[in-house]
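# Kindly generate the corresponding structure for this input.
(chains A and B)
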Amino acid sequence: MPQRAAVKETFKSMSPSRFFYEYKELAGFSNPARALYQTVRELVENALDATDVHGIKPDIVVVIRRFGEARDKYTVAVLDNGIGIDPKHVPYAFAQVLYSSKYKLRQSRGRFGLGVKMAVLYAQMTTGEPVEVYTSPLGSKRIYYFKLKIDIEKNKPIVLGKGSWSKTNDWHGTLVKITIRGDWQRAGWRIKEYIKRTAIVTPYARIVLITPDGSIAIYPRVIEKVPPGPKEAKPHPHGVDIEMLKYLIKNSKAKTLREFLIESFQGVGRKTADKFLKEAGFDPNLDPHKLNDKMLEKLAAKLKEYKGFRSPSASALSPLGEEVIEAGLKAIFSPEFVTVVTRKPKAYEGHPFIVEVGIAYGGEIPPSSEPILLRYANKIPLLYDEKSDVAWKVVDPNNFDWKQYLVTFPAPLVVLTHICSTKIPYKGVGKESIADVSEIEHELKNAVREAARKLRAYILEKKREQETRRRLITFLKYMPEITRSLAVIAGDGKVSEEQLKEKLVECIVRKLGVPKEHVVKMISSYEVKIEE
Amino acid sequence: MTAEYIDIVDTQARKKALKVFREKFQKLIDQIMKGKPPVLLLPKRTLQNTIYDETRKLLLLGPEKLKRSFLDLHEAKKFMQTLLMTRIIYEALARDEYPTIRDLYYRGKHTIIFRDEKGKRHEENTWDEQRESDAVIRDIEVLTGLLREEMLILSKEKGKVVGNMRIRSGGDVIDLSRMGHGAYSIESTPDLIEFLDVDAEFVLVVEKDAVFQQLHRIGFWRKYKAILITSAGQPDRATRRFVRRLNEELGLPVYILTDADPYGWYIYSVFKIGSITLSYESERLATPAARFLGVSMSDIFGAKGKKPYLTEAERRNFIIKAKDADIKRAKELLAYKWFQTPKWKTEIDIFLKKKAKLEIEALAGKGLRFLAFKYIPEKIETGDWIE
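Predicted coordinates for the structure are as follows:
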């Protein structure tokens, strides 16, 4: 595999498996609670990547249960209806670090090809249990079974057992079981919250979570349409570093620099290539494979600096879309108002990104002293380190004037932010919060403002309606007393209560400027009784 | 109540009130039938809209009007309460009843129940406290120009009268000179009293009921041809109206005798000018010609060219030290126009200087005969009163 070759160069002195074994906290496996959460996350994200990315409506079951009698060992099993895995690749996909089908320039949930293997490594370290995989690729008539471990020193899979049998139904997808040391007591609420937040942005999925405490959470499918998956894209010259440049050259059959640029980068044509190379001081006919380290360094720097390239293409990005965010927020929060803003693609340092913001308000949202913030990056919920995330910086009532938009805390307000990019600027390896990149912050701010303006209009209209309703109720409730008194004083049926009522209703209609049918309808559903 | 027992005077009063109600509220009905939002226009009953009429020496309601509109969210309930109370009073008038303000409160107090379109039940009382219904009655008084007595609404009788005078009330002739040791209670509807014949030269109103009884038993009113009245404290409306009628219709001068303190002065002020909070009734209840006979500060301490009625020793025994509240009240009175005459200024100045007050009972303590046969007649004879 070409990817493997490239990566091996990066970790010469230590096997990648050994490296991550030593530095497990880097990948989010710092303690049993975090490890349990991380394992669920990796498996669920793989399950989603195997389904919706390929246009399949996800059907995912997550089961976490105690392993044997031990109080600190758990088996996590995740079943999906995805495209399955070619049995040839299964040992590498689960038991060789940095083997990944996702090491490409496209927005996807995982990126480092690390997650599930870290879980396997962690399982090996803490319980000694191998990973078990059942998979049936799309179109296959068989189900394949593997029992795997990792040879940590050699970074090679150890196949402990395998088998296959023919299918009796039309299931396709993957079931993975990993047994690790975990801490459900501490990780439980976060795992539940993670699944809930995942369900919010995948309303086209059916997700079931069965937990060791015996609870079952079912998130039904609320919309049928699966959003189109992201396409692969060539890298943008601004987003390239030396390592990547080396990797690209190695994989290129181009004979000249000009050819290489046109083939390997997006938005670079003959004219742009020549103009750039001239300005950068390179011979366009030079063989790229002959560049030395110094020249590579110079080329990488010039590529980053040059202003003449077209903006990065957003075709590789897959925003959630208005329909998905709206359906998700409605299904989980039952709010009275939802609005979604999807901004146009922008770029930072050569990486295209799109910001989406959804605001849900009122209804069954519990009022709280600050916005309930739901952060997502490439469709993954981010749960930890909220206050250090750029999204919090934007929606924080200390920075954002919510009052201007008629929201006064405590308020029933949910703000969902989604940033999708071919490269998310995470703070740290934990991938739980996004750094203060000014372009992203700016887009977030504009998106939140735009959504908040719509919310303001809604609140204003609602206030107006409430006021009208309050007045209407007041008038209607006192009316019988007034018409009765006047009818008595007029005496002897000179004017009836009904006549007076009719006229008063006309007055009220005119005064409030509401349609008469509305008032009449309200009166008919009203019941005013005078108890004496 | 059967018709034959009802006095014709009552019936006529009812007829008049009913007519006023019908006329006033027909306007409201007309407004509604023309499709206009119903609005009641009533004089404002506020201190700002209370005016002291210097020529008539009366507190009167000013020209400011209040628009009470049903279709104003903040006025809607008051509007409803006004109409509700109007109907209750109207029905009581029509049924020959004599409700008290407490009765009216209970008759109108009920719960409005309504269910909104979501089926939610809301409850609201028409009014909760008598304070609310009383305010509505006052609104109806200014709105119709009828005092509650004219609407045959009764209140507790407080005032009493004796004297050489015969009246007709409820069809009976009553001789106010033949009340024994008792007295005639001034009824809630003094306008329905007919004055038959009188043999009197002045009216003496005493604040204290006990002093009234003493003067009555010692034969004061017979000796001096007086109509003797007590308000038993703050005068009620009936007593004020009765005194006004004696002054206005019979031309009898009215003297008022109260304690020598700011509260006594204010009782006099209510008789003479009217009540500040209820200025709309003054026109019918106040007696601008009423005179403050005493007990005055100069009676106690003497003044330029006037010997005090009390000796140094008596003063020591009888006077009471004024409280802070008395001082405060006295200063408030100084702000009222009708207390800004030279004589009143002198009175209040002495009070503020001496910080002393005195009850009428103290003069009776000096000897009832002194009070009845020397102090009162001498002051009237020498014109030693304040106007």
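# Only C-alpha atoms from now on, for both contacts and neighbour counts.
Fine.
# Near chain A, which residues of chain B are found?
B:21-22, B:25-26, B:29, B:32-33, B:35-37, B:70-71, B:73, B:76-77, B:80, B:83-84, B:86-87, B:90, B:109-117 (CA under 8 Å from any CA of the partner chain).
# Quick one: the helices in the stretch 1-150 of chain B, in order.
B:8-33, B:76-94, B:101-108, B:130-144 (DSSP state H, counting those that start in this stretch).
# Now do the buried residues in the shortest one.
By that I understand helix B:101-108. By 16 or more other CA atoms under 10 Å in any protein chain shown, the buried positions in helix B:101-108 come out as B:101, B:104, B:105, B:106, B:108.
# what's it packed up against?
On a contact count with 3 or more CA pairs under 8 Å, 6 or more residues apart in numbering or on different chains; DSSP states H and E, helix B:101-108 meets helix B:76-94, helix B:130-144.
# Report the distance from it to the chain centre.
21 Å (CA atoms, centre = their mean, to the nearest Å).
# where in the stretch 101-250 of chain B is pLDDT low?
Scanning the stretch 101-250 of chain B for pLDDT under 70 picks out nothing.
# How about the contacts made by the residue in the stretch 301-450 of chain A that chain B sits nearest to?
Closest residue of the stretch 301-450 of chain A to chain B, CA to the nearest CA: residue A:363 (15.8 Å). Neighbouring residues of residue A:363 by CA atoms under 8 Å, 6 or more residues apart in numbering or on different chains: A:333, A:334, A:335, A:336, A:337, A:412.
# quick one: which of those sit in strands?
residue A:337 (DSSP state E).
# Of the contacts of residue A:363, just say which sits nearest to residue A:287.
residue A:333 (58.7 Å; CA to CA).
# which residues sit in contact with the closest one?
A:360, A:363, A:364, A:365.
# Select, from these, the two members most distant in space.
The widest separation within those (CA to CA) is 10.2 Å, between A:360 and A:364.
# Closest residue of chain B to chain A?
In chain B, no residue comes nearer to chain A than residue B:114, which is 4.2 Å away by CA to the nearest CA.
# first to last residue in stretch B:121-130, what's the distance?
26 Å (CA to CA, to the nearest Å).
# which residues sit against it?
B:81, B:102, B:105, B:108-116, B:133.
# Now list the buried members of these.
B:81, B:105, B:108, B:109, B:110, B:111, B:112, B:113, B:114, B:115, B:116, B:133.
# which regions of chain A lie under the pLDDT threshold?
In chain A, residues with pLDDT under 70: A:1-17, A:19-21, A:25-27, A:98-114, A:429-430, A:522, A:525-532.
# and the residue nearest the centre of it, how far is that from residue B:164?
Nearest to the mean C-alpha position of chain A, counting by CA atoms, centre = their mean, stands residue A:379 at 2.0 Å. The gap separating residue A:379 from residue B:164 is 104 Å, by CA to CA.
# likewise residue A:262?
Distance from residue A:262 to residue B:164, by CA to CA: 129 Å.
# quick one on the thing from earlier: can you tell me which of the helices and strands packed on helix B:101-108 is packed in deepest?
helix B:76-94 (a mean of 21; mean count of other CA atoms under 10 Å in any protein chain shown).
# what helices or strands is that helix leaning on?
Right, helix B:76-94 is packed against helix A:438-490, helix B:8-33, strand B:65-69, helix B:101-108, helix B:130-144 by 3+ CA pairs under 8 Å, 6+ apart.
# Just the closest residue of the stretch 151-300 of chain A to chain B, please.
Counting by CA to the nearest CA, the stretch 151-300 of chain A gets nearest to chain B through residue A:222 (27.5 Å).
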